[in-house]
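Q: kindly generate the corresponding structure for this input.
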Amino acid sequence: MRIAVLGKTGAGKSSLANTIFGEDAFRVYHNLKSGTRECQSETRSVSGRSITLIDTPGLFDTDRSEEEMKREIVRCITECAPGPHAFLIVLKVEKFTEQEQEVINKIQEYFSEEAFKYATVLFTHGDQLPDGETIDKLVSENKPLDDLVKKCGGRCHVIDNKYWKDKPKNEYRSNKFQVEELLKTIDKMVTENNGGCYTNEMLQKVEEMIKQEEEKIRLSPGNMTEGEIREEAKSRVCDGLLSALADVEPGALLAAFFGVVVMGGLVVLSLKR
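A: Modelled structure (predicted):
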């Protein structure tokens, strides 16, 4: 099961991925100005499920160059192909500011209605929740958040990567409890989506390109494992995509990834040249 972890830099995406896996599989940056700068993908077994987490850079940041954004969006697309089974939209439990509103606006702009069917909102920094309050109550009191969660089918969870690590599994404010509830939500969502992943014409085209590269690598001299062949094929396709999509704006790439039809069509045309 492939899960793409989305959110702005500093939201806690990498720490969340480590919390889900129960180990430090992803590098965590503690400098507030850094955060994840490159897309990273790791696979582990969690509660009997084989899960691949794709930790993305701040796809909704506003302070990165177009060239840097485009490179990381393309990496994210190749890591997710042929499509993720779930999107985790990561936000922090904190005072709602214009910056958070801007992130939500971008999500609303780029996500298609189909993509929202595969999305769950996940809040980090749960320790900031007022005593005795649940994340559902907090969301219900904030219209922009409430609207976003409703678009995601009411799917909403909360963790705290720092303070809830060792709490008993049966407590609401326990990462063990919240991760298990999150996985149950994703299982239910995947079932409702007939077991399939979110995909579109662009993601399918990228997967086709990866498969073609895999065949070329298998025919060449060497003794690579299937996993190594897949990684090498993705790397080659990523480089090729950056060249093929040189004239495409980052916004159009994001729109294509999340299924907005008009912009997505422009990107697919570029891939078919």
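Q: okay, the nearest residue to Pro250 once chain neighbours are set aside: pLDDT?
A: Once flanking residues are discounted, Pro250 sits nearest to Met69: 4.3 Å by C-beta to C-beta, 6 or more residues apart in numbering. Every C-beta, even on glycine, is put in place using the N, C-alpha and C of the backbone. pLDDT recorded at Met69 is 85.
Q: residue contacts, Met69?
A: Going by C-beta atoms under 8 Å, 6 or more residues apart in numbering, Met69 touches 57, 59, 61, 250.
Q: sort out for me which of those are in strands.
A: Judged by DSSP state E, those include no members of strands.
Q: return the closest of the residues you listed with respect to Glu228.
A: Pro57 (24.2 Å; C-beta to C-beta).
Q: secondary structure element for the residue nearest to the closest one when sequence neighbours are not counted?
A: Setting aside the residues directly before and after it, Pro57 is nearest to Glu72 in space (C-beta to C-beta, 6+ apart), at 4.2 Å. Per DSSP states H and E, Glu72 falls inside helix 66-80.
Q: beyond that helix, next helix or strand please.
A: As the chain continues past helix 66-80, the following element, by DSSP H and E, is strand 86-92.
Q: confidence-wise, which helix or strand of the protein is lowest on average?
A: Least confident helix or strand, the chain: helix 261-271 with a mean of 55, by mean pLDDT, DSSP states H and E.
Q: not counting its neighbours along the chain, what's nearest Ser112?
A: Nearest non-adjacent residue to Ser112 (C-beta to C-beta, 6+ apart): Gly259, at 3.4 Å.
Q: am I right that the one you found is in a helix?
A: No - Gly259: not assigned to a helix; according to DSSP: H, G, I helix; E, B strand; the rest coil it is coil.
Q: I'd like the numbering to begin with 5 instead of 1 from here.
A: OK, 5 is where the count begins now, so the last one is Gly263.
Q: surely it touches Tyr122?
A: No - in this structure Gly263 lies outside contact range of Tyr122 using C-beta atoms under 8 Å: 10.0 Å.
Q: higher neighbour count, those two?
A: Per other C-beta atoms under 10 Å, whichever of Gly263 and Tyr122 has more neighbours is Tyr122, with 28 against 23.
Q: quick one, helices of the stretch 5-154 of the chain?
A: 17-25, 70-84, 102-114, 117-120, 139-144, 147-155 (DSSP state H, counting those that start in this stretch).
Q: relative to Leu92, which of those is closest?
A: helix 17-25 (7.4 Å).
Q: can you list the residues that contact that closest one?
A: 9-11, 28-33, 39-40, 46, 48, 50, 55, 57, 59-60, 92, 94, 126, 128, 163, 165, 169, 179, 183, 186.
Q: in which helix or strand would I find Leu257?
A: helix 254-261.
Q: what angle separates that helix from helix 102-114?
A: 60 degrees (axes from the mean of the first three to the mean of the last three C-alpha atoms, to 10 degrees).
Q: for helix 254-261, output the C-alpha coordinates as CSV.
A: The C-alpha trace of helix 254-261 is given here as CSV (Å, rounded to 0.1, in the frame of the first residue of the first chain):
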residue,chain,number,x,y,z
PRO,A,254,5.2,23.6,-11.2
GLY,A,255,1.6,24.5,-10.7
ALA,A,256,0.5,22.6,-13.8
LEU,A,257,2.6,19.6,-12.6
LEU,A,258,0.8,19.6,-9.2
ALA,A,259,-2.5,19.9,-10.9
ALA,A,260,-1.7,17.0,-13.2
PHE,A,261,-0.5,14.9,-10.2
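Q: tell me how far the nearest residue to Ala119 once chain neighbours are set aside lies from Asp170.
A: Distances taken as C-beta to C-beta, 6+ apart place Phe262 nearest to Ala119, at 4.7 Å, with adjacent residues excluded. Using C-beta to C-beta, to the nearest Å, Phe262 is found at 37 Å from Asp170.
Q: before I go, just wanted to say thanks for your time.
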